[in-house]
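Visitor: okay, sequence plus prediction incoming.
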Amino acid sequence: MKVILFCQNNYAFGILEPIKEVLVASNDDFIWFIKEPIYNDFPFKSDKHTTKLSELKAYNSDVIFVPGNEVPHYLRGLKTQIFHGLAGEKKGHFRIRHYFDLYLTQGPYFTNKFNELKIIHKNFDVIETGWPKLDIYGKDKSTYASYKAELLKTHNAKKIVLYAPTFSPKLTSGPYLVNQIKQLANNHKDYIILLKFHPLMAQEWLDVYKDLAKITPNIIFQEEKNIIKFLLVADLLVSDTSSVIYEFILLDKPVITFKSISENINWENSNDYDALEMLVKTNLETDPFSKSRAYLNEQFHPYNDGKSAERMVATVRAYTKTNGVPEKRNISFFRRLKIYSIFGKS
């Protein structure tokens, strides 16, 4: 089987890496496609990879795994949407753009909604597999235990708080929590505050928080692209309306959000940015929402065996064996124009 691992944004690397490992183990052929603006961040340069669509056309793939919203319709291969997050309430998550033949969903919440849309559109299939980015949860949650222990020891701290807001201007808490995070760090030297921002966060706010970290010893601005490391070591997450919330809740740890628009809030959500310090203290000490997290785990990602990537590869292998490999995807004139504007013509 010949597979394209399709990356438009650098968050795709951590999602696709477990699939790559399965492909290596099964001796399948694969190539990474990396858009040029993110090439410097690409961590697997020893793997076969390209930034050129012409090379993908010549590659003649059987399957294309895409953790993003678009893929060129003119490429050969089963165009497979595997998603870049778990935030179903975000604008566009359930929008059918008609670029994909197959949707591999993370859990019943997503599967049910896409199956409803399948009945309407009749031009794609839906199969539930789990999400490969979270395979590490089922394999070894203690992967970064030594890193956490060293971090706490170095800073003489007891707890790690992760601040990971969304980038969307309408949803992000970034502009409103600068002073509150500074106060939290200054008043609680036993906390380490890790700052992990979305790659698309506005540069002005990245600069503000970088400057804050430079002058505050127990605030650390993290440049590393894969957030999983920081989810595993953190004791509490602060966010807003971001899919990272669900990734963290699946670890059965407390979350605080500000002005979240989620339909499934089973954590501490507040409209008062000034309440940050008090809410962090309360949730670390008493974890008042511990019992209500079970629903989200069951609906959003009930797989804890660490084998979602294996299921994805097995699923597309069986699907193409039964249905064949699509030579291209038939889409509307408007959609073709959009693909040409993003990727160029075939």
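Guide: Nice, I can see it. Residues are numbered from 1 along each chain as shown.
Visitor: mind listing the strands for the stretch 51-200 of the chain?
Guide: In the stretch 51-200 of the chain, the strands defined using DSSP state E, counting those that start in this stretch lie at 63-66, 78-81, 102-105, 125-128, 159-163, 191-195.
Visitor: what is the mean pLDDT for the fifth one?
Guide: For strand 159-163, mean pLDDT rounds to 98.
Visitor: which residues touch it?
Guide: In this structure, residues lying in contact with strand 159-163 by Cβ atoms under 8 Å, 6 or more residues apart in numbering are 148, 151-152, 177, 181, 184, 190-196, 230-231, 233-239, 248, 280, 284. For the C-beta atoms, the positions are set from N, CA and C on the backbone; glycine is no exception.
Visitor: how about 6 Å then?
Guide: When contacts are defined by Cβ atoms under 6 Å, 6 or more residues apart in numbering, strand 159-163 is touched by residues 191-195, 230, 233-238, 284.
Visitor: quick one, which of the strands of the stretch 51-200 of the chain is packed in tightest?
Guide: For these, the stretch with the most neighbours on average is strand 63-66, a mean of 28; neighbours defined as mean count of other Cβ atoms under 10 Å.
Visitor: neighbouring strands of that one in the sheet, and parallel or not?
Guide: Strand 63-66 pairs in its sheet with strand 2-7 (parallel), strand 78-81 (parallel), by DSSP bridges.
Visitor: so how far is it from its chain's centroid?
Guide: Averaged C-alpha coordinates place strand 63-66 at 16 Å from its chain's average position (Cα atoms, centre = their mean, to the nearest Å).
Visitor: need the contact partners of it.
Guide: Residues from elsewhere that reach strand 63-66, judged by Cβ under 6 Å, 6+ apart: 3-6, 19, 71, 77-82, 316.
Visitor: okay, the residues you listed in a markdown table with distance to Ile220 next?
Guide: Conversion of the contacts of strand 63-66 to a markdown table gives the following (distance: Cβ to Cβ, whole Å):
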| residue | distance to Ile220 |
| --- | --- |
| Val3 | 36 |
| Ile4 | 36 |
| Leu5 | 30 |
| Phe6 | 32 |
| Ile19 | 30 |
| Val71 | 36 |
| Gly77 | 41 |
| Leu78 | 41 |
| Lys79 | 39 |
| Thr80 | 36 |
| Gln81 | 34 |
| Ile82 | 31 |
| Val316 | 39 |
